[in-house]
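Novice: how would this look folded up:
(chains A and B)
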Amino acid sequence: MRHIGLAALVSVLLATSLVAQNNRSAVSIAGSDAAACTVPDPCRTFAVALSKTNNDGEVVALTSGGYGPFIVDRPATIVAAPGIYAAIVATIDAVHVNAGAGSKVVIRGLYLYGAMGGQRGIAVLDPVDEVDVEHCVISGFQEGIDDTQTLRISDTTLRFCIIGIRVTNPMNAARATMNRVELRDYGTGILAAANAIVTVRDSVASRGSAVGFDAFGGVLNIENCLVVNNVIGVRADQSGTVRVSNTMATDNTQTGFTNFSSTFISWGNNKVRGNAAETSGTITVVSQD
Amino acid sequence: MRRIGLGVLVSFFIATSIIAQNNRTAVSISGSDAAACTVPDPCRTFAVALSKTNANGEVVALTSGGYGPFIIDRAATIVAAPGIYAALVATSGADAIHVNAGAAARVVIRGLHLYGLGTGNAGISVTESSGEVNVENCVIDGFLGFGGAVGYGIIASLNVRVSDTTIRHCGGGIKIENVSPTFVRATINRVEVKDIAPNHGIWAGTNANVTVRDSVVSNCSSGSGFVANSGQLNIENSLATDNSQFGVDAENNGTVRVSNTMATHNGTGFGNFATFISWGNNKVQGNSTNTSGTITLVSQD
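Specialist: Below you'll find the predicted structure:
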């Protein structure tokens, strides 16, 4: 009888430890994935730390180093402590979000590298309520960020990607807001394809082998930006819509602004000079309100 | 007689140590609340460290970790050392930081990450007593409220200045209002407010004079981005997008003044049921309805 009682107690303790989760998990370069993943007892990888984190909890990188690619399978904040260099090298996706419909995910302060052939820096391709990308550096992927859902990006640098940020959805609206984003050395900087509704402000797209800001079937609102050293600075194509304000397009090798049988609206306050051709197609000027 | 003298001396030293306070206190993940709360001997929680801090002193987080919700009961600066992740999780229905510092007290909250886990009341509540509260470089997340009450990122009936701060996943973003006949003033610079429900992004209520610049409000999924409801709301160089009701709204005798701002993909871009002034340099397109009500244009000076 006492043995049965003891066995039951051990089972309860084991079960408790199996479901034990943290509101705040942590990783450290000196941590171990066998640890509790708490701040005093951190794990080694984001993937394991996240698996021990409650919904809506945090995973914090405490020391500088590499923490491995991972799937965000629940609502959570993945964050590097300010001043900490938390890097991920990916062969496929660095961060793949599959957190479930209604989930809110934050990715903040991470350095994502795909120079070894990575597909996507951040993949937001499965149902989710909103993904916030803040203070990240994303470099060397086929797509820096690939989004079919709702995305807010701020204070982030994307470089050496074939497509910097792609937003599209085959069925429903895919929405994105971008604030203070730098895109450098890409094929296309921001691609708003079918069903995309994208607004970008205070951002720069420089050195593209194709287009800086491309409304290729989607809607792209641009405020207070710079497009420079692309083939085409800003383009509306495939029935896409561009609305652009207070933006400079210069030193693009084909055109600054191009409307290819689509919709291109300007508030008449843009600066388009120094391109091979300044504009192509109809630019519709509307008055400010 | 000598024993009495010794007793008095011991009492004096004990009393002195009890009231001993620091101009600079510190917290660390390896600290103890029984410590002196100094940099070489840090405490474990903000609440205890603050209790050992002189008025107008500092409390500094030295290492990354969680330091618990607290009440600011005096003029003080609460700051994470640059490079340090100092987080607080509020308990259900409570505030992460509640300011009750005394009239005229100057308070600074800088570099903190505040989490409400969906049930917190407010990230920062400035509703009791303070002179001026400065919120700088903070992240405020998940204050949806508890028991039917709506939670806010920041709620203030006294003066606040907010800069370089992100507020997300809250019931309302920033609510400024003072229902007594006292004006409350707020300045908001480089602030991002996103994914808010059911209330609004930035709200200027009764007796509020609020000025916002270089800021973004997105995805108020059942409310509006910027609202002047009885109060005054000046908006410069900002963006309102993906908000369900209005991008910018003046109602209930409120006044909006808006310049160099984009409103796009909202229910209505600019809506006026009160006083709505534009300098004629705003970009309002791509909303279900771009403008409703009278937008009064004034010339720039």
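Novice: average pLDDT for stretch A:48-56?
Specialist: For stretch A:48-56, the mean pLDDT works out to 97.
Novice: what's that stretch in contact with?
Specialist: Stretch A:48-56 has contacts (Cβ atoms under 8 Å, 6 or more residues apart in numbering or on different chains) with A:20-27, A:33, A:36-37, A:42-43, A:59, A:70, A:72-76, A:78, A:103-104, B:117-118, B:142. All C-beta atoms are positioned from the backbone trio N, CA, C, and that covers glycine.
Novice: pLDDT below threshold where in chain A?
Specialist: A:1-20, A:116 (pLDDT under 70).
Novice: just the ones of the contacts of stretch A:48-56 in strands?
Specialist: Mapping those onto strands (DSSP state E) picks out A:N22, A:N23, A:R24, A:S25, A:A26, A:V27, A:V59, A:F70, A:V72, A:A76, A:I78, A:K104.
Novice: helix, strand or coil: sort out B:A49 for me.
Specialist: helix (DSSP: H, G, I helix; E, B strand; the rest coil).
Novice: OK, contacts around it?
Specialist: B:T25, B:A26, B:V27, B:C37, B:P42, B:C43, B:V59.
Novice: gap between it and B:V139?
Specialist: 21 Å (Cβ to Cβ, to the nearest Å).
Novice: packing partners for the helix or strand hosting B:V135?
Specialist: In the assignment (DSSP states H and E), B:V135 maps to strand B:132-136. Counting contacts by 3 or more Cβ pairs under 8 Å, 6 or more residues apart in numbering or on different chains; DSSP states H and E, strand B:132-136 packs against strand B:106-110, strand B:122-129, strand B:160-168.
Novice: and the two most separated of the contacts of B:A49?
Specialist: B:P42 and B:V59 (9.9 Å; Cβ to Cβ).
Novice: compare the two (neighbour count), which wins?
Specialist: B:V59 (29 against 24; other Cβ atoms under 10 Å in any protein chain shown).
Novice: among the contacts of B:A49, name the ones in strands.
Specialist: Reading strands off the contacts of B:A49 with DSSP E, I get B:T25, B:A26, B:V27, B:V59.
Novice: all the helices of chain A, in order from the start?
Specialist: Taking DSSP state H as the criterion, chain A carries its helices at A:2-19, A:46-51.
Novice: give me the buried positions along stretch B:124-137.
Specialist: B:I124, B:S125, B:V126, B:T127, B:S130, B:E132, B:V133, B:N134, B:V135, B:E136, B:N137 (16 or more other Cβ atoms under 10 Å in any protein chain shown).
Novice: nearest residue to the third one in space, please, no chain neighbours.
Specialist: When you say that, I think you mean B:V126. Leaving aside its chain neighbours, B:V126 sits nearest to B:A156 (3.9 Å; criterion: Cβ to Cβ, 6 or more residues apart in numbering or on different chains).
Novice: for the one you found, what are its contacts?
Specialist: Contacts of B:A156 (Cβ under 8 Å, 6+ apart): B:I124, B:S125, B:V126, B:T127, B:V133, B:I174, B:K175, B:I176, B:E177, B:V184, B:A186.
Novice: for it, which residues make a bridge with it?
Specialist: B:V126, B:I176 (DSSP bridges).
Novice: close to chain B: what parts of the stretch 1-150 of chain A are there?
Specialist: Residues of the stretch 1-150 of chain A lying near chain B by Cβ under 8 Å from any Cβ of the partner chain: A:23-24, A:26, A:39-40, A:56-58, A:60, A:62, A:77, A:79-84, A:104, A:106, A:108, A:129-130, A:132, A:134, A:150.
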